[in-house]
Structures are given as structure tokens and as C-alpha cells.
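Colleague: got a predicted structure plus its sequence, pasted below:
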Amino acid sequence: MKNKAAAVIGAGIAGLATAIRLANKGFSVDVFESNTYPGGKLSQLQLGAYRFDAGPSLFTLPQQVEDLFELSGYKAEDYFQYRRLPLSCRYFYEDGTILHGYADTDKFVEEISQKTGAKKEDVQQHIRHSARLYSLLADLFMHRSLHNWGTWLSFKSLKAYLNLPRLNIFRSMHSANAARLKAPKAVQLFNRYATYNGSNPYQAPATLNIIPHLEMGIGAYMPVGGMHAITQSLYELAQRLGVTFHFNSPISQILTEGDRVKGLLTNGAEHPFNVVVSNADLLHTYRKLLPNHKAPERLLRQPKSSSALIFYWGIKKGFPELDLHNIFFSEDYEQEFRHIFEEKTVWHDPTVYINITSKYEKGDAPEGCENWFTMINVPHNSGQDWDTLIATARQNILKKLSRILKIDIEPLIEEEGILDPRTIESKTSSAFGALYGNSSNSRYAAFLRHANKSSTLKGLYFCGGSVHPGGGIPLCLLSAKITAGMVKSF
């Protein structure tokens with residue numbers, strides 16, 4: 001066995017990025033994926049003449065993708081292109097109010113103030129506060145390991161300590177938003193950013209107000225070719241670097257000897273490796289792949305994030321009033337989140353998100369038609385009667401959209417696919433179908449994510465949305481960076 005041979009379990013976005021980084025460190029890398037395709041949740045779906053990005057639909061921090069090409073000696077723009085969106089999202093309220101999420105911050109502030117009644121200076125201050133949080137906390141919580149003493153002794157950490165009173169760590173996201181913005185529509189707009197990591201704004205700490213800066217300050221983007229272009233470009237880059245992919249290769253066990261890993265068991269065959277990086281969900285890794293190894297039960301028992309119910313609809317009509325990203329708000333946001341996180345069910349008036357990539361990628365739908373990725377937030381799978389919940393939610397979504405758009409939507413659907421927490425769980429091995437691993441509904445949540453390196457098994461590392469720093473494309477790419485930086489040859 002070569003000392004610089006590494007295995008990556010899972011070809012999700014973090015697994016691909018880790019493989020690329022390890023190849024650049026001189027490792028011979030093999031990636032084992034149970035599906036027939038790379039990307040994990042960041043995959044695509046074809047229904048008739050309609051193409052859909054199957055999973056994540058918002059792209060921020062594009063530099064994290066570009067870094068992988070530059071690290072590998074390639075010009076990113078030769079292999080991966082994207083554009084900044086002039087409008088990040090359109091927001092629809094039941095009373096007919098429509099907010100346009102302009103990329104121009106001053107213009108967006110004016111829009112929020114005029115249409116929600118929030119004071120312009122309060123909105124400006126809130127956006128500046130989000131930027132301040134990012135400046136103070138991003139390096140600490142996103143770019144470094146929280147399990148390394150050097151992180152906590154750095155100058156940037158000291159700066160964060162000195163600003164603790166301004167971080168609102170003891171308030172909920174909602175309470176901080178309501179205190180500053182006051183206008184209910186504006187509060188709801190900023191509360192929604194909790195859903196970016198599957199959390200509840202009425203419970204999650206106000207430090208999550210760092211999230212709006214990613215979209216409002218740094219920008220929202222659209223890859224040329226759709227979100228799946230991220231997966232495809234990184235997969236092709238990994239292959240150019242000599243990474244070997246094994247599809248249809250579910251891992252049965254991580255093999256160990258004493259206090260270190262020694263390889264993998266897949267399809268009845270043993271493969272020796274001194275370095276193994278698991279991009280699989282943390283709970284799956286310990287329960288299924290390390291059955292004889294003591295698991296970190298406290299971490300595995302942490303409350304899970306929300307999940308999603310997605311309808312992929314091929315719509316035989318164009319809607320000029322819609323954009324790439326669209327939100328149709330619930331009239332009672334607090335009830336919606338209470339049902340998701342406490343009742344473990346679906347509120348009858350859910351907030352509906354519609355992503356329409358054909359607004360930019362004309363080939364994603366026939367002429368005059370649109371591909372609607374229609375999603376609501378739902379609880380993770382805990383044994384609910386999903387067939388009944390899905391049927392009821394479908395009718396409630398159609399009623400809501402038909403009411404606000406003033407046209408009967410159901411007759412316009414000519415293609416349909418469905419993704420629910422059960423299929424998310426089965427396709428991606430995400431525990432209970434939770435999209436982001438553990439929830440962030442506690443001020444301690446960041447500290448209750450698993451480290452990127454095993455403390456008990458030499459040669460075992462972790463990346464992806466269920467470990468530090470968390471879920472979503474940017475954080476998964478950063479987890480790969482943190483993890484690969486720790487890996488050593490033996």
C-alpha cells in the first residue's frame with residue numbers, strides 16, 4: 001500500500017473538493033460512490049423535455065469553486081463560468097406585496113423600506129450588522145477547525161471575543177430582527193435566512209444573521225449550465241488530476257486495525273488505505289461503516305435540521321412576473337416553523353420557494369414553458385405518514401400559487417417528479433432525510449458538530465454537511481479545505 005493513497009467515501013460536493021485538494025497534495029485518490037453519478041444532492045433530473053437541478057439551487061461564494069481550479073493550475077473561467085444575479089429573489093406576500101431583491105444594496109434597502117414600512121435607516125443598519133458579523137465570525141467559524149487550539153488563540157478570535165456583546169448570541173434570530181426592523185414583512189424577509197441551514201428563526205441564535213451578507217453583500221450567482229455545472233466541472237477537474245472514481249460502490253465497512261484505519265470493504269472486496277475521508281453522513285458513518293467503533297453519541301443525538309418536499313413541475317406556460325428565485329411567504333411564519341420543528345408535520349399554509357433555471361438556461365424547458373423546482377420546508381423523517389402529507393401539501397401549494405398568481409396552476413403541469421425526506425434519505429444516506437445534518441437551533445450548535453478529523457482513529461477524516469462547518473455548498477467546500485489541510489501521509 002502506498003503511503004500517499006487516500007480513499008474518499010462519497011462523491012458529494014465536499015467529497016469531490018476533498019479529492020481535488022488531496023490530489024494536489026500528491027495523494028493517489030480513489031472515490032467510492034454508491035450512486036451511478038457524482039454530486040450527491042447537487043445532481044440533476046430530466047423529465048421529458050425539462051431539465052431540473054435536483055438539489056441546492058442558490059450559489060454564493062463562487063470563489064470557493066474557483067480556488068479549486070487555481071490550486072490545480074487551471075484558469076477557472078476556462079472550465080466554469082457563472083454570472084452575478086441582478087435580482088437575488090422575488091418575494092410574494094398574500095396581500096399582493098411583491099419585493100424585488102435587487103443586487104444593488106441601496107436599491108434593495110429602498111424597496112424594503114417602501115413596501116414593508118420598515119425605516120430605511122433600520123434596514124441599512126441591519127445589513128451593515130450582517131456584514132460586521134461576517135467580518136468577525138467567518139474566519140473563525142467557516143474557514144478554520146473549531147477543534148484546534150490555534151483557532152481560538154488567533155488574532156481574529158481575539159477580535160471576536162472583544163465584540164461578544166454585539167454578536168447577540170443570547171437572542172434568537174427573530175427577536176433580533178423584530179427589535180431592529182419592527183415591520184412584520186421586513187422581519188419575515190430576514191427570518192427566512194434561517195432556512196439556509198435548516199433552522200428555526202424563532203429558536204436559532206441571532207448570530208445566524210451573518211447569512212444575509214452572503215447574498216446581499218457578496219452576491220447571489222448562477223452558474224452557466226445550472227447548479228449541476230458545479231458538480232460536473234469539479235468531477236472533470238478531479239479526473240484530470242488522476243482521481244479514480246468507483247460508482248455503484250457502496251461502502252460496507254471502514255476497516256480498522258487497532259487505533260487506525262486500514263481500508264474499505266465494498267462489493268465484497270477489501271481495498272487497503274491508510275487515509276480515509278468520509279463524505280457520508282456522520283450518523284451513517286458511525287452506525288453502518290464503523291459498527292465496532294465507539295460512536296460520539298452526544299453528537300449523534302443532536303436535533304436534526306429540517307428537510308424538504310420538492311415538486312419538479314414542467315409548466316406549459318411562461319410567467320414573466322417570476323424570476324430565477326421566488327418566495328411565496330406564509331401568512332403565519334411562526335406557526336409554520338412550530339409545525340416543522342415541534343409538531344413534526346407540515347403547516348397548511350407553507351412558504352413556497354420556486355426556482356426556475358429556464359429563466360437563464362433556455363434549454364432547460366421547451367419554448368414558452370418553464371421548469372419549476374417547487375419546494376417547501378418540512379420536518380425530517382421520523383416516521384410520518386408522508387404519502388398523506390405529500391398529497392395534502394401538493395393541494396395547498398397549488399391553491400396558494402393559483403391564488404397569488406391569479407391562474408389555475410394544476411392544468412399547466414405536464415411533467416412531475418417528487419423528492420421527499422424518505423427519498424432524500426435513501427438517495428444520499430442523509431440521516432432522517434435532514435438536509436443539513438444537525439440543526440442550528442441552539443447557540444451551542446456550532447460547537448456540537450463533529451470535528452473534521454477523528455480523535456480516536458488515525459487516518460480517519462470527515463467532510464461534508466454533517467460535520468464542521470455545516471451544510472450548504474459554500475460550507476461543504478470549506479469543510480473540504482479544512483479536512484484536506486489536516487490529512488497527512490503515513
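Modeller: Happy to help now that I have it.
Colleague: any idea whether Met375 is helix, strand or coil?
Modeller: Following DSSP: H, G, I helix; E, B strand; the rest coil, the label given to Met375 is strand.
Colleague: Ala308 is in contact with that one, correct?
Modeller: Yes: Met375 is within contact range of Ala308, at 5.3 Å (criterion: C-beta atoms under 8 Å). Using the backbone N, CA and C atoms, a C-beta is placed for each residue, glycine as well.
Colleague: quick check: bridge partners of the residue lying closest to Ile397 once chain neighbours are set aside?
Modeller: Leaving aside its chain neighbours, Ile397 sits nearest to Val352 (5.5 Å; criterion: C-beta to C-beta, 6 or more residues apart in numbering). Taking DSSP bridges as the rule, Val352 bridges to Phe328.
Colleague: count of residues packed around Val352?
Modeller: The burial count assigned to Val352 is 23, neighbours taken as other C-beta atoms under 10 Å.
Colleague: and for Arg298, the neighbour number?
Modeller: When neighbours are defined as other C-beta under 10 Å, Arg298 has 8 of them.
Colleague: wait, is Lys400 part of a helix?
Modeller: Yes: membership of Lys400 in a helix is supported by three-state DSSP.
Colleague: quick check: it vs Trp347, distance?
Modeller: Lys400 sits 11 Å away from Trp347, going by C-beta to C-beta, to the nearest Å.
Colleague: and Thr456, by the same measure?
Modeller: According to C-beta to C-beta, Thr456 and Trp347 sit 42 Å apart.
Colleague: of the two, who's got more company?
Modeller: Remark: of Thr456 and Trp347, Trp347 carries more neighbours, 22 against 11, as counted by other C-beta under 10 Å.
Colleague: phi first, then psi, for the more buried one.
Modeller: The phi/psi pair for Trp347 (degrees, to the nearest 10) reads phi -70, psi 150.
Colleague: report pLDDT for it.
Modeller: Looking at Trp347, its pLDDT stands at 97.
Colleague: I'd say it and Ile340 touch.
Modeller: Yes: counting by C-beta under 8 Å, Trp347 does reach Ile340; the two are 7.3 Å apart.
Colleague: can I get the helix of greatest length in the chain as PDB, trimmed to CA atoms?
Modeller: Ranked by number of residues, the top helix in the chain under DSSP state H is helix 120-141. Provided in PDB are the C-alpha atoms of helix 120-141 (Å, rounded to 0.1, in the frame of the first residue of the first chain):
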ATOM      1  CA  LYS A 120     -34.700  52.900   5.800                       C
ATOM      2  CA  GLU A 121     -32.000  53.600   8.400                       C
ATOM      3  CA  ASP A 122     -33.100  50.400  10.300                       C
ATOM      4  CA  VAL A 123     -32.700  48.300   7.200                       C
ATOM      5  CA  GLN A 124     -29.400  49.800   6.400                       C
ATOM      6  CA  GLN A 125     -28.200  49.200   9.900                       C
ATOM      7  CA  HIS A 126     -29.400  45.600   9.800                       C
ATOM      8  CA  ILE A 127     -27.500  44.900   6.600                       C
ATOM      9  CA  ARG A 128     -24.400  46.500   8.000                       C
ATOM     10  CA  HIS A 129     -24.700  44.400  11.100                       C
ATOM     11  CA  SER A 130     -24.800  41.200   8.900                       C
ATOM     12  CA  ALA A 131     -21.600  42.400   7.200                       C
ATOM     13  CA  ARG A 132     -20.000  43.100  10.600                       C
ATOM     14  CA  LEU A 133     -20.900  39.600  11.800                       C
ATOM     15  CA  TYR A 134     -19.300  38.100   8.700                       C
ATOM     16  CA  SER A 135     -16.100  40.100   9.200                       C
ATOM     17  CA  LEU A 136     -15.900  39.000  12.800                       C
ATOM     18  CA  LEU A 137     -17.000  35.300  12.600                       C
ATOM     19  CA  ALA A 138     -16.400  34.000   9.100                       C
ATOM     20  CA  ASP A 139     -12.700  33.200   9.500                       C
ATOM     21  CA  LEU A 140     -13.400  31.600  12.900                       C
ATOM     22  CA  PHE A 141     -16.400  29.500  12.200                       C
END
